[in-house]
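*Asks:* here is a sequence together with a model predicted from it:
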Amino acid sequence: MPLLYGCVAYNSSVLADHADVVGNFESATQQVLDRTDSTKESKHTFNVKQYKYLVLTKDGLIYLAIADQDYPLRICFAFLEKVCERFQSGALSQRALTAKPYELRRDFSPVLSSLMVQYNRTAEVDSMAHLHSEVDQVKGVMSQNISKVLERGENLSRLEERTAQLDVNASQFRRTGSELRRKMWWQNQKVKVVLACSVLVSLTVIILIICWQKEVFKKKQ
């Protein structure tokens with residue numbers, strides 16, 4: 001149930017594409033592009049026989065993928081979002097406005113090929129999505145705790161207890177990624193950096209709050 005084809009287009013002109021299998025993708029893609037309004041940001045799908053066509057429009061450009069009907073919809077749109085991110089990160093997004101059809105093939109088709117290989121490993125993609133979700137949850141807990149400190153003016157001992165608990169939560173989270181460490185070592189390092197930065201920011205904010213509270217107390221005396 002793989003991704004079969006991906007492309008980036010401006011208006012109805014394909015700028016770069018890649019196909020993992022032989023097929024009449026260009027003709028079918030052109031029909032979908034002719035029906036797509038690139039001036040409105042949207043996500044939509046078309047089902048044609050055994051395939052589904054998924055379209056993401058953003059910043060005047062169209063990102064399109066063709067996949068088997070069984071390919072997970074969420075992963076396919078995650079693929080298109082990543083294609084969009086990579087395409088917009090360089091100078092190609094500006095060149096796209098004046099480029100001729102297929103002019104950017106040499107520059108971006110290898111990127112499409114690499115991303116298709118990555119996102120055709122659906123089990124690994126789902127696992128990484130789960131890890132990133134847990135990172136977001138930990139960051140959310142930290143933000144909530146900081147807000148509660150600001151609202152209630154908790155004492156130092158209570159703050160130390162909460163900081164210790166956050167450290168425990170971060171350690172538990174790091175252990176959950178051990179099963180994927182050999183396959184996705186670099187991704188896990190990024191997750192650890194995010195956690196470390198979040199804990200550092202949390203501690204910094206907490207210390208500043210404590211210092212601020214002490215200053216106010218001295219002034220009242």
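*Replies:* Noted; the coordinates are in hand.

*Asks:* every contact and neighbour count from this point should use C-alpha atoms.
*Replies:* Will do.

*Asks:* all strands of this protein, in order?
*Replies:* Per DSSP state E, the chain carries strands over the ranges 3-10, 13-19, 42-48, 51-58, 61-68.

*Asks:* tell me which of these lies nearest to residue 194.
*Replies:* Shortest separation from residue 194 across the strands of the chain is recorded for strand 51-58, at 27.4 Å, computed as Cα to Cα.

*Asks:* quick one: contacts of the closest one?
*Replies:* The contact list for strand 51-58 (Cα atoms under 8 Å, 6 or more residues apart in numbering) reads 37-47, 62-69, 76-77, 80-81, 84.

*Asks:* direction included, what does that strand pair up with?
*Replies:* strand 42-48 (antiparallel), strand 61-68 (antiparallel) (DSSP bridges).

*Asks:* quick check: angle from the longest one to strand 13-19?
*Replies:* If you take axes from the mean of the first three to the mean of the last three Cα atoms, to 10 degrees, strand 61-68 sits at 30 degrees to strand 13-19.

*Asks:* avg pLDDT for strand 61-68?
*Replies:* Average pLDDT, strand 61-68: 95.

*Asks:* please pull out the lowest mean pLDDT helix or strand from the protein.
*Replies:* Lowest on mean pLDDT, DSSP states H and E among the helices and strands of the chain sits helix 122-152, with a mean of 62.

*Asks:* next one: the longest helix belonging to the chain to chain centre, how far?
*Replies:* Determined from DSSP state H, the single longest helix within the chain is helix 185-220. Relative to its chain's centre, helix 185-220 lies at 25 Å (Cα atoms, centre = their mean, to the nearest Å).

*Asks:* please apply the same query to stretch 80-93.
*Replies:* 12 Å.

*Asks:* coming back round to it: who wins for proximity to residue 20 among the strands paired with strand 51-58?
*Replies:* strand 61-68 (10.5 Å).

*Asks:* now what about the closest one, what contacts it?
*Replies:* Under Cα under 8 Å, 6+ apart, the answer for strand 61-68 is 1-11, 33, 38, 50-57, 76, 80, 83-84.

*Asks:* run the last query once more with 7 Å
*Replies:* Contact with strand 61-68 is made by 1-11, 38, 50-57, 80, 84, as judged by Cα atoms under 7 Å, 6 or more residues apart in numbering.
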